[in-house]
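1. give me the fold of what follows.
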Amino acid sequence: MAKEQKVPEGAAMAEQKARVTAGVRAGRQATWMGKIPGRAGHRRGPVPRALAWAALAGGLALAWVSMQRQAPPVAATAEAVAATGALLEAWRAGEAAAAGAWVAPAAAGPGGAWLAGLSAGLEGAVPAPGAGPEGPPAAGSSAGEGAAGFLQVPATHYTLGEARPDSLGRVHVAAVVDVAGPAEGYAEGYAARLVQDLFWRRLLEGPRLVGASARVVLEVAVEGDRLVWRRDGGAWQPGLGLADLPSRAAPPGGPPGVEVEVSREGFGPLALAGERGVLLVTRGPRPLVALWRWSLDNPAEVPGRDVLVLDVLYHARGLGWQAGAAGRRATLMVEAEDGSRLPVVYDLEAGRPADTASPDGGE
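-> Below is the predicted model of the structure:
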């Protein structure tokens, strides 16, 4: 019977330790290679890690999209402000096609009229100019159907306000717009100030108008031989009358101190002159051109009878006004008896025609 060979106790312990160490090393290598023993068909290691990275990337993408919707880039805001200025300038110049180019196709209605489709927010904001047999224009009456009515009421002046993004990815641009007659089919004696909010969205072709709202904050109209005014759609208040105007005035450029009789047969075109007051011209062979001075921006002020004479026209008539950006100058389009037209620029501080005429009434 063979004698069993004994292994020294120290050598056995060393061999067991070596096997354990080899197993740990194999396990680490398997973990790195994704081959940890488990049930058949299951892989572990790099697969869950890839899924985690994919989930993280998706979350970052959603957060980026959310930021883009909630906070448009500074460039988009600047573009919206510039586009608002271009649209309002086209409106002021009476260029309907140029104004309509800024309207998003989805906001355009039948016929391609500019701002058509937005009439729900704009219709009724501008009352029909002029006074009929019942008196001055009624609150909430429409200047026409949709955008066409707006184009019939010329813009005489505008000022851009602040711009702010919203949570829908649009940029809101505030603007104050002054409108006035004449307009075809309407009486000339009407002027109003609107506070507008224009909504822009940045499309592939650039910023486009997708919505707008407006409210009238000040109106001046002709009622017989008197001007009437109101704020925020309130009750009409009596203002300046023809009898309050001077019956004689010294024409600019004439002999010093020599006054001539002026015509006071009725009021012609009106316009708001920034915060300085209301521009007016009378009717007759010698129309009086004047500024009815009162602070339009002060809601608490009740206008008086302060009139600044600007000019006396001879056998000519005023057709319409444009006000300068800062309200220092204004331009009256004058038509002579032979049908020729000439823009005359007035310095509202000096109270006389300006030295250099500018069709846009610039400062």
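2. do a quick rundown of the helices in this protein.
-> 9-33, 46-70, 74-92, 96-100, 119-122, 147-152 (DSSP state H).
3. these: lowest mean pLDDT?
-> Ranked by mean pLDDT, the helices of the chain bottom out at helix 119-122, which scores a mean of 35.
4. which residues of this structure score low on pLDDT?
-> For the chain, the stretches with pLDDT under 70 are 1-73, 106-153, 181-188, 325-326, 356-363.
5. biggest strand in it by residues?
-> The longest strand of the chain (DSSP state E) is strand 206-223.
6. angle of that one against helix 74-92?
-> 40 degrees (axes from the mean of the first three to the mean of the last three C-alpha atoms, to 10 degrees).
7. who are the packing partners of strand 206-223?
-> Applying 3 or more C-beta pairs under 8 Å, 6 or more residues apart in numbering; DSSP states H and E, we find strand 206-223 packed against helix 74-92, helix 119-122, strand 190-203, strand 226-231, strand 267-273. (C-beta placed from N, C-alpha, C; glycine too.)
8. got a markdown table for these, with distance to P285 and mean neighbour count too?
-> What follows is the helices and strands packed on strand 206-223, written out as a markdown table (distance: least, C-beta to C-beta, whole Å; neighbours: other C-beta atoms under 10 Å):
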| stretch | distance to P285 | mean neighbour count |
| --- | --- | --- |
| helix 74-92 | 31 | 18 |
| helix 119-122 | 40 | 18 |
| strand 190-203 | 24 | 22 |
| strand 226-231 | 22 | 19 |
| strand 267-273 | 13 | 26 |
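9. out of the ones you listed, flag the one nearest V312.
-> strand 267-273 (13.6 Å; C-beta to C-beta).
10. compute the inter-axis angle for the closest one and strand 226-231.
-> Using the same axes, to 10 degrees: strand 267-273 against strand 226-231 is 30 degrees.
11. using PDB, write out every CA atom in strand 267-273.
-> The C-alpha coordinates for strand 267-273 follow below in PDB (Å, rounded to 0.1, in the frame of the first residue of the first chain):
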ATOM      1  CA  PHE A 267     -60.000 122.800 -39.800                       C
ATOM      2  CA  GLY A 268     -57.900 120.800 -42.200                       C
ATOM      3  CA  PRO A 269     -55.400 117.900 -41.500                       C
ATOM      4  CA  LEU A 270     -54.300 117.300 -37.900                       C
ATOM      5  CA  ALA A 271     -51.300 115.500 -36.500                       C
ATOM      6  CA  LEU A 272     -49.800 114.900 -33.100                       C
ATOM      7  CA  ALA A 273     -46.300 116.400 -32.600                       C
END
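12. relative to strand 190-203, how tilted is that strand?
-> Between strand 267-273 and strand 190-203, the angle comes out at 50 degrees (the same axes, to 10 degrees).
13. pairing partners for strand 267-273, with directions?
-> strand 277-282 (antiparallel) (DSSP bridges).
14. about what we covered before: distance to V289 added to the helices and strands packed on strand 206-223, as a markdown table?
-> Listed next are the helices and strands packed on strand 206-223 as a markdown table, based on distance: least, C-beta to C-beta, whole Å:
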| stretch | distance to V289 |
| --- | --- |
| helix 74-92 | 21 |
| helix 119-122 | 32 |
| strand 190-203 | 15 |
| strand 226-231 | 15 |
| strand 267-273 | 9 |
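15. from E219, how far off is D232?
-> 9 Å (C-beta to C-beta, to the nearest Å).
16. these two - which one has more neighbours?
-> E219 (26 against 11; other C-beta atoms under 10 Å).
17. can you pull the contacts of the residue lying closest to the more buried one once chain neighbours are set aside?
-> The spatially closest residue to E219, leaving aside those adjacent along the chain, is A192, at 4.6 Å (C-beta to C-beta, 6 or more residues apart in numbering). Contacts for A192 (C-beta atoms under 8 Å, 6 or more residues apart in numbering) come out as 126-127, 178-180, 216, 218-220, 272.
18. for V228, same thing?
-> Contacts of V228 by C-beta under 8 Å, 6+ apart are 136, 220-222, 236-239.
19. report the two of those separated the most.
-> V222 and Q237 (13.9 Å).
20. between those two, which is the more surrounded one?
-> Per other C-beta under 10 Å, whichever of V222 and Q237 has more neighbours is V222, with 25 against 12.
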